[in-house]
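>>> have a look at this prediction, sequence included:
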Protein chains: 2
Amino acid sequence: MMMHNFNSGPSILPKEVLQQAADAIHNFNGIGLSILEIGHRTSWFQQVMDEAQSLVKDLMQIGDEYAVLFLHGGATTQFMQVPMNLLPQNKTAAYINNGIWGNKAIKEAKLFGNVAEVSSTKDKNHSYIAKDFTVPPDAVYLHYTTNNTVEGTEWHQLPNAGDVPLIADMSSDIFSKPFPYNKHALIYAGAQKNAGAAGVTLVVVRKDLLGKVQRAIPTILDYRPHIEAGSLLNTPPVFAVYVAMLTMRWIKKEGGLGEMEKRAKERADLFYNALDTLPLFKPLVAKEDRSLMNATFVIEDSAKEQQFLDLCKQNGMVGVKGHRSVGGLRLSMYNAMPLSSVEAIVELMKDFQNKQ
Amino acid sequence: MMMHNFNSGPSILPKEVLQQAADAIHNFNGIGLSILEIGHRTSWFQQVMDEAQSLVKDLMQIGDEYAVLFLHGGATTQFMQVPMNLLPQNKTAAYINNGIWGNKAIKEAKLFGNVAEVSSTKDKNHSYIAKDFTVPPDAVYLHYTTNNTVEGTEWHQLPNAGDVPLIADMSSDIFSKPFPYNKHALIYAGAQKNAGAAGVTLVVVRKDLLGKVQRAIPTILDYRPHIEAGSLLNTPPVFAVYVAMLTMRWIKKEGGLGEMEKRAKERADLFYNALDTLPLFKPLVAKEDRSLMNATFVIEDSAKEQQFLDLCKQNGMVGVKGHRSVGGLRLSMYNAMPLSSVEAIVELMKDFQNKQ
């Protein structure tokens, strides 16, 4: 059966990336050893790390004022690592609460300093993006989540932070479109959506921001020694870095972020048009704030919703169930998703509607 | 060319584990999706996690008083995570300083409480294990490194800690022999030697030890929420957990830890006998403390040492250079290392000796 992978993350990867990753497990670059068996301080792996870092700078169009790190720990670790490195105990960081992940980031930041929650969309279950708010001008940074994987909203403009440095959790829309990366002080993303497989976290940080907190930072959580060591402070997740490198190489080869955005819009237009046409399926998110990556929706009759999910399963469509915290349905449509998979589920939705 | 992989980590893995890992990248368990593309909250991955945890308990012969976690971050993260979770600020933890890694663990522990360095082998470049020392009876734990990857020493008995709970960094000899795991309060290991590929860290902890420090612990660094979430607190390094599971399955199938020890002894006997016979090659470590996993040695004439390294390279023997902090030569001989690779390098050493 042809599979359609709508998983929210870990999620679909390009077929040729999977092929190259499997080949490298047998024999990495023809050296006679597996990528899983080579030391991280070999020139073999150094080339992978160099290319991965350079691809990030290339795709993001950022210069040497930024450091590119591939770290362990997932975006969840960044929830605490960011304030540990950047928020002095007696200062304030501004946070936007647009969903479950931003909310978790806020909880961790409070362990390190003051948090000003400048905007919250809790009142409507985070079904929209609030663009009107005030950031205290003395805040050391403004943290926001560019795309809310669980709730299905996405920022389609930059939040207005004045002169306050912007920090973005881009776990679910990184590399999905041209984006003003260079307007940010720090960007992080778990790789397991658009940047590769689970097990590595991309952190891009403007170096001049570091070294301004007084607290003692454990070595492994301090960005500075990672930067000094070229992201090889301890054994990195070698294979996950390799898959991230392959994935970025694929993005570039396919035409870069402009092409990724074009494809994302085609997929999203196709899906949201169907969603707005078929009365059985109800969108959850305000039209202008809809995510191109994660579309959330419901069938109000829960028996029918289950029936539709069963039908998806029978047709090889996986990952259509919404996040356990919100329920309903969700379609994740990352870079590697072919338009044909969206066409397939739209056909299924139409059939399902017609049979009512 | 036939390759002989003496890398110290990431390092050699069983051929069939590599084959299974590559197969799963194409099609995991015949489901039509790659292991890199499946959600960590699917029943597919839950089965992997369940089997991995159960294999750890089986190989270690430990009961439900222990929790088994597969975490991000490497053993280096455990250097700070252990004291953060277990060492109250006004109490003392005892540490044995037997080498570079133990020394790093000490440095991080000092950020959280008092450290009593009860034993140090710095006086002789960590070329032996000091067994005679006193642990303060009120120490909250004694931390030691069971096998010193860089220096080539290994504990062949338990350190005498009295009633003080034992904590072991077993990154380089875990699963290499039957071992009194159940005499330990906490054991951790980066997977990239005997337990799989880089990118996941095994932590086994006796649950009754937790919750006794007052400090605020960031969620991702607190063992307790990881335990509550069954090691699925955040997106785990899915593929690295899978490779660890495959590796443990292989260990069990081959005959378990007894068989691993038998093979390790065969390899080490063969190598150390040659080392003690060939005058050109000098061991670095006291005989009774030699590691079965990592053998360190030198050729005193550095030009000849380089000549020997070049010869190794020409013969497909990789990873023979010693760690950058100590120099010299090192042979890492983990579980997956066939005796034939040790035979090959011993032959090369004999030839090299004969040509002097």
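Looks like it arrived, so ask away. Numbering: from 1, shown residues only, chains lettered A, B, ... in the order given.
>>> which ones are touching the spatially closest residue to A:Pro180 that is not a sequence neighbour?
Using C-beta to C-beta, 6 or more residues apart in numbering or on different chains and skipping the chain neighbours, the partner closest in space to A:Pro180 is A:Leu158 (6.3 Å). Just so you know, the C-beta spots here come from the backbone N, C-alpha and C atoms, and that holds for glycine as well. Residues counted as contacts of A:Leu158 (C-beta atoms under 8 Å, 6 or more residues apart in numbering or on different chains) are A:166, A:180, A:183.
>>> could you identify which of the residues you listed has the most neighbours?
A:Leu166 (19 neighbours; other C-beta atoms under 10 Å in any protein chain shown).
>>> okay, and which of the contacts of A:Leu158 map to helices?
If you go by DSSP state H, these have nothing in helices.
>>> pLDDT score for the residue nearest to A:Pro180?
pLDDT for A:Leu158: 97.
>>> cool, A:Gln356 as well?
Looking at A:Gln356, the pLDDT reads 89.
>>> what's the closest non-adjacent residue to it?
Ranked by C-beta to C-beta, 6+ apart and with sequence neighbours excluded, the top spatial neighbour of A:Gln356 is A:Leu280, at 6.1 Å.
>>> picking up where we left off before, in TSV: the contacts of A:Leu158, plus pLDDT.
Formatted as TSV, the contacts of A:Leu158 follow (pLDDT from 0 to 100):
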residue	pLDDT
A:Leu166	98
A:Pro180	98
A:Lys183	98
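>>> can you list the buried residues in stretch A:215-223?
A:217-223 (16 or more other C-beta atoms under 10 Å in any protein chain shown).
>>> oops, could you answer that again for stretch A:44-62 instead?
A:44-45, A:48-49, A:51-53, A:55-56, A:59-60, A:62.
>>> if I look at the residue nearest to A:Gln356, how far off is chain B?
26 Å (C-beta to the nearest C-beta, to the nearest Å).
>>> that residue reaches A:Lys350, doesn't it?
No - using C-beta atoms under 8 Å, A:Leu280 makes no contact with A:Lys350, being 10.1 Å away.
>>> of these two, which one has the most company?
A:Leu280 (18 against 13).
>>> show the pLDDT at that one.
97.
>>> possible to save the buried residues of stretch A:44-62 as TSV with distance to chain B?
Output for these, formatted as TSV (distance: C-beta to the nearest C-beta, whole Å):
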residue	distance to chain B
A:Trp44	10
A:Phe45	9
A:Val48	12
A:Met49	13
A:Glu51	18
A:Ala52	15
A:Gln53	18
A:Leu55	18
A:Val56	19
A:Leu59	20
A:Met60	23
A:Ile62	25
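>>> name the SS class of A:Asp163, please.
Recorded secondary structure, A:Asp163: coil (DSSP: H, G, I helix; E, B strand; the rest coil).
>>> tell me who's in contact with it.
Neighbours of A:Asp163 in contact, by C-beta under 8 Å, 6+ apart: A:Pro137.
>>> next, count neighbours for A:Pro178.
A count of nearby residues for A:Pro178, using other C-beta under 10 Å, gives 13.
>>> off-centre distance for the helix or strand encompassing A:His226?
Using DSSP states H and E, A:His226 sits within helix A:223-228. In terms of C-alpha atoms, centre = their mean, to the nearest Å, the centre of helix A:223-228 is set 23 Å apart from its chain centre.
>>> contact partners of the lengthiest helix in chain A?
Longest helix in chain A by number of residues, with DSSP H as the criterion: helix A:256-277. Under the contact criterion C-beta under 8 Å, 6+ apart, helix A:256-277 has outside partners A:59, A:175-179, A:194, A:251, A:254, A:281, A:283, A:290-293, A:295, A:297, A:331, A:333, A:335, A:337, A:339, A:342-343, A:345-346, A:349-350.
>>> what are the pairing partners of the helix or strand just after that helix, and which direction each?
Once the chain leaves helix A:256-277, the next helix or strand it forms, by DSSP H and E, is strand A:281-283. Strand pairing for strand A:281-283, determined by DSSP bridges: strand A:294-299 (antiparallel).
>>> any idea of the mean pLDDT in the partner strand?
98.
>>> my read: A:Glu151 touches A:Gly99, true?
Yes - using C-beta under 8 Å, A:Glu151 is in contact with A:Gly99, at 4.5 Å.
>>> which one's more surrounded, the two?
For A:Glu151 versus A:Gly99, neighbours defined as other C-beta under 10 Å are more numerous around A:Glu151 (30 against 25).
>>> can you tell me the element that one falls in?
Counting by DSSP H and E, A:Glu151 is part of no helix or strand.
>>> for it, give me its contacts.
Neighbour list for A:Glu151: A:98-100, A:125-127, A:284-285, A:296, A:326 [criterion: C-beta under 8 Å, 6+ apart].
>>> you'd agree A:Arg324 is in a strand?
No - counting by three-state DSSP, one finds A:Arg324 to be coil, located in no strand.
>>> who touches it in this structure?
B:Arg41.
>>> over to A:Pro236?
When the contact criterion is C-beta under 8 Å, 6+ apart, the partners of A:Pro236 are A:40, A:49, A:70, A:72, A:200, B:198.
>>> widest-spaced pair of those residues?
Taking C-beta to C-beta as the measure, the contacts of A:Pro236 span a maximum distance of 14.2 Å, between A:Met49 and A:His72.
>>> around chain B, pick out the residues from the stretch 201-350 of chain A.
A:216, A:218-221, A:233-240, A:243, A:316, A:318-319, A:324 (C-beta under 8 Å from any C-beta of the partner chain).
>>> the residue nearest to A:Val238 when sequence neighbours are not counted: how many residues sit nearby?
Counting by C-beta to C-beta, 6+ apart, A:Val238 lies nearest to B:Ala198, which is 4.5 Å off, once chain neighbours are set aside. Look at B:Ala198: counted by other C-beta under 10 Å, it has 32 neighbours.
>>> before we move on, back to that, tell me which of the buried residues of stretch A:215-223 is nearest to B:Ile31?
A:Ile220 (35.6 Å).
>>> could you list every residue that touches A:Val346?
A:Val346 touches A:270-271, A:274, counting by C-beta under 8 Å, 6+ apart.
>>> now that we have the residues you listed, which one has the most neighbours?
Result: A:Phe271 is most packed of those (other C-beta under 10 Å), 21 neighbours.
>>> the residue nearest to A:Gly230 when sequence neighbours are not counted sits in which helix or strand?
Once flanking residues are discounted, A:Gly230 sits nearest to A:Met49: 7.0 Å by C-beta to C-beta, 6+ apart. Using DSSP H and E, A:Met49 falls within helix A:43-60.
>>> ok, now which ones touch the residue of the stretch 251-356 of chain A found nearest chain B?
Closest residue of the stretch 251-356 of chain A to chain B, C-beta to the nearest C-beta: A:Gly319 (6.3 Å). By C-beta under 8 Å, 6+ apart, A:Gly319 lies in contact with A:5-8, A:11, A:330, A:332, B:39.
>>> now, the most widely separated pair of these?
It's A:Asn5 and A:Arg330 that sit farthest apart of the contacts of A:Gly319, by C-beta to C-beta, at 12.9 Å.
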